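**Student:** Give the three-dimensional model of this entry:
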Amino acid sequence: MKRPNGIKNFRNLFWQLDDLDYYYKHSDQQYNSIVIAVTCCGKQSIVSQTIVMIKSMLIFSKQNIHLIIYTDVNHRQLLNELLALPQNKLDQISFEIKTAKFPNVSDQHYYRNFYLKCATQRLFYPVLLPNIDSVIHVDSDVIFMSPVEQLWKHFEYMTGEQMFAMAVDNMNPNTSWYLKIAHNDSLRIPNPTVYSFNTGIILMNLTQMRNTNFFGEMDPIFKQYKNRIHWIVNDFMTIYLAKYPNRYMNLSCIWNYLTDHCDAGQLCTDADQYGVAVLHGSRSTFVKPSLWAPHAAAFRRSEPKRFQFGY
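**Tutor:** Residues are numbered from 1 along each chain as shown. Purely as a prediction, here's the structure:
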């Protein structure tokens with residue numbers, strides 16, 4: 001196998017040309033890694049968001065991290081961006097860059113393209129990652145402002161029945177989607193909470209998901225509620241956990257801080273005491289200053305061309 005142009009540290013890189021997937025592991029890295037999964041699909045600008053998220057994570061973390069990136073964009077661009085990290089940070093991570101896949105469902109096109117491209121990929125992790133016990137799914141449009149190992153520690157707080165941990169979605173009673181549809185017979189879906197969840201950050205116990213046949217229940221739920229689903233993964237998890245309310249744990253909103261948490265005063269009161277741990281630029285607020293200038297400013301300061309590690 002020939003060395004690809006521009007790729008460093010090739011002795012640590014296993015390049016699987018068959019399906020365009022890449023795997024990288026530093027030879028000295030230990031195996032007790034935090035596992036993070038992210039989807040990077042659609043526009044090329046998503047690559048920049050993904051790299052910013054990863055760099056922000058590495059700034060605060062002191063533990064080894066295994067990254068699993070599902071994508072339908074430029075695999076090589078992602079690879080080169082990651083291999084351009086400073087060596088001390090590259091030594092801290094292992095990663096896989098994998099082609100987005102949607103197996104064992106009735107309508108792959110629907111799952112791949114509804115709402116945002118590859119948004120449902122996280123629901124396939126129990127099938128796609130059969131040897132992984134637990135993973136944190138992270139949307140590409142987040143910036144870490146605290147160590148990811150503090151978030152990973154929440155797995156220890158989950159009971160034996162709990163498979164997921166998520167933070168609350170929009171808590172503004174004037175704009176909450178889930179409050180709005182609660183009074184609309186044509187849109188209403190089952191909901192275990194008042195404001196439901198935001199699935200941009202999800203702690204997922206994949207072993208528990210496999211043991212309870214989570215994946216087997218997914219396609220029937222989508223078929224039953226297809227005409228009522230708008231925010232695809234948020235809505236699915238809302239419906240699923242209304243049926244199994246013992247299977248999730250609430251995360252503090254500091255771990256998934258949305259513009260909705262502060263657009264009508266401080267609705268995430270934990271943030272006043274503990275600060276924001278993860279900033280989420282949902283609905284393009286990182287890249288559209290007209291929507292929410294503070295989020296956009298935070299992202300601009302973190303763009304790859306400006307984002308440099310200190311030594």
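
**Student:** Helix or strand: which one has residue 207?
**Tutor:** Element membership for residue 207, per DSSP states H and E: helix 206-211.

**Student:** Run through who's touching the next helix or strand after that helix.
**Tutor:** As assigned by DSSP H and E, the chain's next helix or strand after helix 206-211 is helix 214-225. For helix 214-225, the surrounding residues in contact (Cβ atoms under 8 Å, 6 or more residues apart in numbering) are 104-106, 110-111, 123-124, 126-127, 163, 189, 209, 229, 235-236, 239-240. (Glycine included, C-beta is placed from N, CA and C.)

**Student:** ok, now stretch 111-126?
**Tutor:** 37, 39, 41-42, 70-72, 100-103, 105, 132, 135, 137, 199, 202, 204, 206, 209-210, 214-215, 218, 222, 229-233, 236.

**Student:** List the buried residues of the longest helix along the chain.
**Tutor:** The residue-count maximum for a helix in the chain (DSSP state H) belongs to helix 45-60. For helix 45-60, a neighbour-count test (16 or more other Cβ atoms under 10 Å) marks 46-59 as buried.

**Student:** where along the stretch 201-311 of the chain do the helices fall?
**Tutor:** 206-211, 214-225, 232-243, 269-274, 293-302 (DSSP state H, counting those that start in this stretch).

**Student:** pLDDT weak spots in this protein?
**Tutor:** 1-20, 26-31, 261-265, 282-311 (pLDDT under 70).

**Student:** let's go with 50 and repeat that
**Tutor:** 1-11, 17-18, 30, 290-291, 293, 296, 311 (pLDDT under 50).

**Student:** excluding its backbone neighbours, what's nearest the residue nearest to the spatial centre of it?
**Tutor:** In the chain, the residue lying closest to the centroid (Cα atoms, centre = their mean) is residue 138, at 1.9 Å. Distances taken as Cβ to Cβ, 6 or more residues apart in numbering place residue 38 nearest to residue 138, at 5.1 Å, with adjacent residues excluded.

**Student:** circling back: can you tell me how far the residue nearest to the centre of the chain sits from residue 40?
**Tutor:** 11 Å (Cβ to Cβ, to the nearest Å).

**Student:** can you map out the strands along this structure?
**Tutor:** Along the chain, the stretches classed as strands by DSSP state E are 13-16, 21-25, 34-40, 65-71, 93-99, 134-138, 142-144, 164-168, 197-205, 248-251, 278-280.

**Student:** Rebuild those as a markdown table, extending it with distance to residue 183.
**Tutor:** Listed next are the strands of the chain as a markdown table, based on distance: least, Cβ to Cβ, whole Å:
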| stretch | distance to residue 183 |
| --- | --- |
| strand 13-16 | 51 |
| strand 21-25 | 46 |
| strand 34-40 | 33 |
| strand 65-71 | 37 |
| strand 93-99 | 42 |
| strand 134-138 | 31 |
| strand 142-144 | 31 |
| strand 164-168 | 20 |
| strand 197-205 | 20 |
| strand 248-251 | 24 |
| strand 278-280 | 27 |
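
**Student:** Out of these, which is closest to residue 257?
**Tutor:** strand 278-280 (5.4 Å; Cβ to Cβ).

**Student:** quick revisit: which residues sit against the helix holding residue 207?
**Tutor:** 125-126, 129-130, 132-135, 161-163, 215, 247.

**Student:** Make a ChimeraX selection of the buried ones in those residues.
**Tutor:** In ChimeraX, the members of these classed as buried (16+ other Cβ under 10 Å) are selected with the following command:
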select :125,126,129,132,134,135,162,163,215,247
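
**Student:** re earlier: so for residue 253, which of the helices of the stretch 201-311 of the chain sits nearest?
**Tutor:** Nearest of these (Cβ to Cβ): helix 269-274, 6.0 Å.

**Student:** Go through the closest one and flag the buried ones.
**Tutor:** Residues 270-271 are the ones in helix 269-274 that count as buried (16+ other Cβ under 10 Å).
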